[in-house]
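**Student:** Return atomic coordinates for the entry below.
(chains A and B)
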Amino acid sequence: MMHKGRRYLRGLNFLIIAVLLILTLVPVYVIVSNSFRETLAIKRMPPELFFKPTLIHFQRLIQRDNFLKYFLNSIIISVSVTVTTIGLGTLCAYALKLFVSRLGERLSNIMLLGKLVPSITILIPLFLMLNRVRLTGTYFGPILAHSAMGLPFVTWLMASFVRDIPREILESARVEGATRMRTFYKVIFPMLTPAIASAVILVMQFSWNELMFSLQLTNIHTYPLTVGIARYVGAVSVDWGKSSVAATIAMVPIIAIGFFMQKYLVAGMTAGAVKS
Amino acid sequence: MNIRNNFCWSLEKGDLLPVLLMTPAMLLIAGVMVMPLGFGFFLSFFDFSFGGFSILDDFAGLQNYARILGDATARRSILNTLLFSAGAITLEFVIGTIIAVLLFHLSRLAGALIRPLITIPLLISPIVVGLIWRYIYDPQGILYWFLGLFGLSIAHFPGVTAASTALLSTVIAHSWEVVPFVVIVLTAGLVSIPTELYEAAYMDGAGEFNIFWRITFPLLKDVYMVLLLISGVDTIKIFDIIYSLTGGGPNNSTISISMYAFNQAFMQTNMSYAMTLSVFALVVTFAVFGIPFVRRNRVRSHG
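**Tutor:** Next comes the predicted model:
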């Protein structure tokens, strides 16, 4: 029930929300639509709502600048990172549950300190180390780096979910003669699906969007999209047709995935801040 | 407690399974995080670029650290990073709070429709966000077209082209991406507040602002604390958005610690000095956020 005096507040509320939506969506819309506009049309202000779409920028970026390859590289890297971190992180979280004392909890909190480490502090020595063993320029560099950076948070997240599973459940599985690994696969893992979904979307978007490690640890054959953008369209004068296409290719897939996994994305993000 | 004791699958009783399960994760963290950190810390006491290296000849002691003090660009990058951090956190908190509260007052359906839309920026790579904002800030671009409608021009707000407003412009672009995160987290906090608490206040005719300040904010203090930690840590390592929006310019007015260290390492190949800068960044992060970070999580997991 709204008081009479609050009616104008309600109007103001809607107005601000409308402005917010415009500020959020218009920049994204303009870039995506620019990727289908002729170069001259991009320069025209204000952007026309109706225009004849063209695929010329897509053609150029895919044929001349190899962006399809970068797209595949991004998929290879982010999927590998997701599988690695979720796999190792879940096993680790289960292990932490198996400790009798509070040691497990403490370890998971200590691991979270990894989130505080700036990428650059790891990157410089890691680059020198990988360079020594000639692993720079391969997929290994970014996969290792992203996994290590993501693992502390994933482990902590999974551990906080595993912790909520009553020990009675594990105990009764044991009484029925299940080994601990069997308990893990048959009992724990299925109970963790929502948590895993949250971790998947968070880790995948982190790896898909990461720039600094990939920039230095990959070469022209293994560039992911972010590096492709940095190398080819980040120059002094910007070819907006090309840049818009590159930006579109990089952001639309992950926005789509995030949109469908909205519930888990929100759950994962708030798990770190609000304990329900 | 009885269950705990019967539950004899534990390290304390000489059982190795937990250790075995943790090993892969620990190896990865040790090899890719701890070892590089140690190596980097070690490097920061030497004078090393590429190629040959001898422990005796190239030992530099604290010279690299002293060099930071005398290096105007380094000091500039530290100042920029702190300003960026403070500016971004302030902007995100103010706007994020307003939006979260407003969304909370909407009907459930409207909220459910709008929330997925406003989380879109969160999913976009910072380098793409930088690109989007470069387009917006383009002198012939959409922002100046819009300002032109009100008779304003680039002279009134030079955006990324002038040293005076470039850092602010990057803060705005970064906040555009991060405000949705603040909104999501605050919304989760708002939902957890019992509505009865508000009803009495509304009866008494308290204003929105008063209600927020007297009831909501104190109850959400913990949530704000976590947000402060997360945003603080994220902004101290800021790199991508600056890299793509301004490249650190004009005139180093937006260069951050991470960016300066990156340039020193990979453009000037001053590996040791770059490492020193990044160790400095790490130490600052831990000094400011380390203890509250761990304590906060300990408190939560116990309560």
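
**Student:** And A:Val245, how close does it get to chain B?
**Tutor:** Going from A:Val245 to chain B by C-beta to the nearest C-beta, to the nearest Å gives 11 Å. Quick note: C-beta positions are derived from backbone N, CA and C, even for glycine.

**Student:** Which elements pack onto the one helix or strand A:Leu72 maps to?
**Tutor:** For A:Leu72, the host element (DSSP states H and E) is helix A:67-98. With contacts taken as 3 or more C-beta pairs under 8 Å, 6 or more residues apart in numbering or on different chains; DSSP states H and E, helix A:67-98 sits against helix A:103-112, helix A:140-162, helix A:193-209, helix A:225-232, helix A:240-260, helix B:17-29.

**Student:** ok, now with 6 Å
**Tutor:** helix A:103-112, helix A:140-162, helix A:193-209, helix A:225-232, helix B:17-29 (3 or more C-beta pairs under 6 Å, 6 or more residues apart in numbering or on different chains; DSSP states H and E).

**Student:** B:Gly87 is nearest to which of those helices?
**Tutor:** Relative to B:Gly87, the nearest member of these by C-beta to C-beta is helix A:193-209, separated by 22.4 Å.

**Student:** Check the average confidence over the closest one, would you?
**Tutor:** On average, the pLDDT along helix A:193-209 is 94.

**Student:** Nearest to A:Val32 among the helices and strands packed on helix A:67-98 would be which one?
**Tutor:** Comparison of these against A:Val32 by C-beta to C-beta identifies helix A:225-232 as nearest, at 14.8 Å.

**Student:** Least confident of the helices and strands packed on helix A:67-98, on average?
**Tutor:** Mean pLDDT per stretch puts helix A:103-112 lowest among the helices and strands packed on helix A:67-98, at a mean of 79.

**Student:** so that helix versus helix B:17-29, what angle?
**Tutor:** Helix A:103-112 runs at 10 degrees relative to helix B:17-29, counting by axes from the mean of the first three to the mean of the last three C-alpha atoms, to 10 degrees.

**Student:** near chain B at all, helix A:103-112?
**Tutor:** Yes: against chain B, helix A:103-112 shows contacts by C-beta under 6 Å from any C-beta of the partner chain at A:Glu105, A:Asn109, A:Leu112.

**Student:** with the residues you listed in mind, which one is nearest to B:Leu106?
**Tutor:** For those, the residue nearest B:Leu106 by C-beta to C-beta is A:Leu112; the value is 34.2 Å.

**Student:** So that closest one is in contact with A:Leu157, correct?
**Tutor:** No: using C-beta atoms under 6 Å, A:Leu112 is not in contact with A:Leu157; the gap is 9.5 Å.

**Student:** still on that earlier bit, next, the buried residues of the helix holding A:Leu72.
**Tutor:** Buried residues in helix A:67-98, counted by 16 or more other C-beta atoms under 10 Å in any protein chain shown: A:67, A:69-71, A:73-74, A:77-78, A:80-82, A:84-86, A:88-98.

**Student:** ok, now which ones touch the one residue sitting closest to the centre of chain A?
**Tutor:** Among the residues of chain A, A:Gln205 comes closest to the average C-alpha position under C-alpha atoms, centre = their mean, at 1.3 Å. Contact analysis of A:Gln205 by C-beta atoms under 6 Å, 6 or more residues apart in numbering or on different chains lists A:Ile254, B:Leu123.

**Student:** Go again with 8 Å.
**Tutor:** By C-beta atoms under 8 Å, 6 or more residues apart in numbering or on different chains, the contact list for A:Gln205 reads A:Ile254, A:Ile257, A:Gly258, B:Leu123.

**Student:** distance of the last one from chain A?
**Tutor:** Right, the one you point to is B:Leu123. With the distance defined as C-beta to the nearest C-beta, B:Leu123 ends up 4 Å from chain A.

**Student:** Surely that residue and A:Gly258 touch.
**Tutor:** Yes: using C-beta atoms under 8 Å, B:Leu123 is in contact with A:Gly258, at 4.1 Å.

**Student:** what about these two, which has more around it?
**Tutor:** Higher neighbour count among B:Leu123 and A:Gly258: B:Leu123, with 25 against 21, using other C-beta atoms under 10 Å in any protein chain shown.

**Student:** Report the contact partners of the more buried one.
**Tutor:** Counting by C-beta under 8 Å, 6+ apart, B:Leu123 touches A:Gln205, A:Asn209, A:Met251, A:Ile254, A:Ile255, A:Ile257, A:Gly258, A:Leu265.

**Student:** at 7 Å instead, please
**Tutor:** By C-beta atoms under 7 Å, 6 or more residues apart in numbering or on different chains, B:Leu123 lies in contact with A:Gln205, A:Ile254, A:Ile255, A:Gly258.

**Student:** Now the two most distant members of those.
**Tutor:** Spatially, the most separated pair among the contacts of B:Leu123 is A:Gln205 and A:Ile255, at 9.4 Å (C-beta to C-beta).

**Student:** The residue positioned nearest the centre of chain B: which element?
**Tutor:** Centroid-nearest residue in chain B: B:Asp234, 1.5 Å away (criterion: C-alpha atoms, centre = their mean). B:Asp234 is part of helix B:221-236 when elements are defined by DSSP H and E.

**Student:** Let me know the next secondary structure element after that helix.
**Tutor:** Downstream of helix B:221-236, the next assigned helix or strand under DSSP H and E is helix B:240-245.

**Student:** Now for the closest residue to A:Glu48 other than its chain neighbours, how many residues are close by?
**Tutor:** Distances taken as C-beta to C-beta, 6 or more residues apart in numbering or on different chains place A:Ala41 nearest to A:Glu48, at 6.7 Å, with adjacent residues excluded. By other C-beta under 10 Å, 16 other residues sit near A:Ala41.

**Student:** so what's the backbone phi/psi at A:Ala41?
**Tutor:** Dihedral pair for A:Ala41: phi -70, psi -30, per degrees, to the nearest 10.

**Student:** any idea how far it lies from A:Ser244?
**Tutor:** Relative to A:Ser244, A:Ala41 is positioned 11 Å away (C-beta to C-beta, to the nearest Å).

**Student:** Likewise for B:Leu131?
**Tutor:** For B:Leu131, the distance to A:Ser244 - C-beta to C-beta - is 8 Å.

**Student:** ok, these two, which is more surrounded?
**Tutor:** B:Leu131 (29 against 26).

**Student:** As PDB, could you dump the C-alpha coordinates of the helix or strand containing the more buried one?
**Tutor:** Assigned by DSSP H and E, B:Leu131 falls within helix B:126-137. Extracted C-alpha coordinates of helix B:126-137, given in PDB (Å, rounded to 0.1, in the frame of the first residue of the first chain):
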ATOM      1  CA  PRO B 126      36.700  -5.200 -19.000                       C
ATOM      2  CA  ILE B 127      38.600  -4.800 -22.300                       C
ATOM      3  CA  VAL B 128      35.300  -4.700 -24.100                       C
ATOM      4  CA  VAL B 129      33.800  -2.300 -21.600                       C
ATOM      5  CA  GLY B 130      36.800  -0.100 -22.300                       C
ATOM      6  CA  LEU B 131      36.100  -0.300 -26.000                       C
ATOM      7  CA  ILE B 132      32.500   0.500 -25.500                       C
ATOM      8  CA  TRP B 133      33.400   3.600 -23.400                       C
ATOM      9  CA  ARG B 134      36.000   4.600 -25.900                       C
ATOM     10  CA  TYR B 135      33.200   4.800 -28.400                       C
ATOM     11  CA  ILE B 136      31.100   6.700 -26.000                       C
ATOM     12  CA  TYR B 137      33.900   9.200 -25.200                       C
END
